[in-house]
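> take a look and give me a structure for this.
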Amino acid sequence: MNYKKLIVESGKKMAGSGLTVETWGNISARDPETQLVYLTPSAMLYDTITEEDVIVCKLDGTVVEGTRKPTIEKDMHLAVYRSRPEVNAIIHTHPLYSMVYATQGKDIPQIIDEAAQVLGDVCHCTEYALPGSPELAENCVKALGTESNACLIHSHGAVCLGGDMNGAFKTATVLEVTAQIYYMIEATGGKPAGISPENIAVMKDFAKNSYGQDK
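Down below sits the predicted model:
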């Protein structure tokens, strides 16, 4: 697979998805065979990034290809990969409704079936830390734990994981839809009815082991 091309195409996809604005957010992919990580460059418009702009590094942060400055959240991406070996793609987004909860330091619960199947666990919000700091990376790893495929970065955005890039985009989309529904429920004075832990477990198992043509 051409991972540099994947990063370029994924950046354009994110820019057109409404999941971020301008140069905010960042994207990475890990090659499970070489364990090399491919990252977007810092502060470049996604529709201008070329394969030559993509940065390639080892899990310890050593850059092996690329002359651009990597995303400020490089250490966050690498820390998540080190803690979650099943994850091979990460998208850091700045979506509107998820940001409503990130700026309040609030979690987003699994209130719809899609969230129960895709998000893996409650989407926890981290404690606050400065962008690009080691503390932010540590907080994200803690908030994600071993099960969740998404977390909110306090006052900053969301981090969405996947076994591949399609999976990461699916996580990002389901998280934002869940946040929008949650916001609309609260805005109308309602409260989510909730899904039982037993049913959440059944749906997680279904999504992992049964859903799709290849399972």
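
> C-alpha only now, for contacts and for neighbours.
Noted.

> need the strands for this protein, in chain order.
26-30, 37-39, 55-57, 63-65, 89-93, 124-125, 150-153, 157-162 (DSSP state E).

> which of these sits most buried?
strand 150-153 (a mean of 31; mean count of other Cα atoms under 10 Å).

> take the strands of the chain and lay them out in JSON lines including mean pLDDT.
JSON lines is the format used below for the strands of the chain (pLDDT from 0 to 100):
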{"stretch": "strand 26-30", "mean pLDDT": "97"}
{"stretch": "strand 37-39", "mean pLDDT": "98"}
{"stretch": "strand 55-57", "mean pLDDT": "97"}
{"stretch": "strand 63-65", "mean pLDDT": "96"}
{"stretch": "strand 89-93", "mean pLDDT": "96"}
{"stretch": "strand 124-125", "mean pLDDT": "98"}
{"stretch": "strand 150-153", "mean pLDDT": "98"}
{"stretch": "strand 157-162", "mean pLDDT": "97"}
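
> just put those strands in JSON lines and tack on distance to residue 73.
Compiled in JSON lines, these are given as follows (distance: least, Cα to Cα, whole Å):
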{"stretch": "strand 26-30", "distance to residue 73": "8"}
{"stretch": "strand 37-39", "distance to residue 73": "10"}
{"stretch": "strand 55-57", "distance to residue 73": "13"}
{"stretch": "strand 63-65", "distance to residue 73": "14"}
{"stretch": "strand 89-93", "distance to residue 73": "9"}
{"stretch": "strand 124-125", "distance to residue 73": "17"}
{"stretch": "strand 150-153", "distance to residue 73": "12"}
{"stretch": "strand 157-162", "distance to residue 73": "11"}
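
> who touches the helix of greatest length in the chain?
When the chain is parsed with DSSP state H, its longest helix is helix 165-187. Contact partners of helix 165-187, identified using Cα atoms under 8 Å, 6 or more residues apart in numbering, comprise 10, 19, 29, 88-91, 93, 95-98, 101, 108, 110-112, 114-115, 118-119, 149-150, 159-162, 191-192.

> do that again at 6 Å, thanks
Helix 165-187 is contacted by residues 89, 97-98, 160-162 when judged by Cα atoms under 6 Å, 6 or more residues apart in numbering.

> same question for stretch 104-119.
Applying Cα under 6 Å, 6+ apart, the set of residues contacting stretch 104-119 is 122-125, 148-149, 154, 194, 200, 203-204, 207.

> now, of these, which are buried?
122-125, 148-149, 154, 200, 203-204, 207 (16 or more other Cα atoms under 10 Å).

> those residues in helices, which ones?
200, 203-204, 207.

> want to throw those into CSV with distance to residue 60 and pLDDT?
As requested, those are exported to CSV (distance: Cα to Cα, whole Å; pLDDT from 0 to 100):
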residue, distance to residue 60, pLDDT
200, 36, 79
203, 36, 74
204, 32, 74
207, 32, 70
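
> and the two most separated of those residues?
Taking Cα to Cα, the two most distant members of those are 200 and 207; they sit 10.6 Å apart.

> so the most centrally placed residue in the chain bridges to which residues?
For the chain, residue 160 is the residue whose C-alpha lies nearest the centre (Cα atoms, centre = their mean; 1.4 Å). Beta-bridge pairing of residue 160, defined through DSSP bridges, involves residue 91, residue 150.

> buried residues in stretch 65-84, which are they?
Neighbour-count burial for stretch 65-84 [16+ other Cα under 10 Å]: 66, 70-81, 84.
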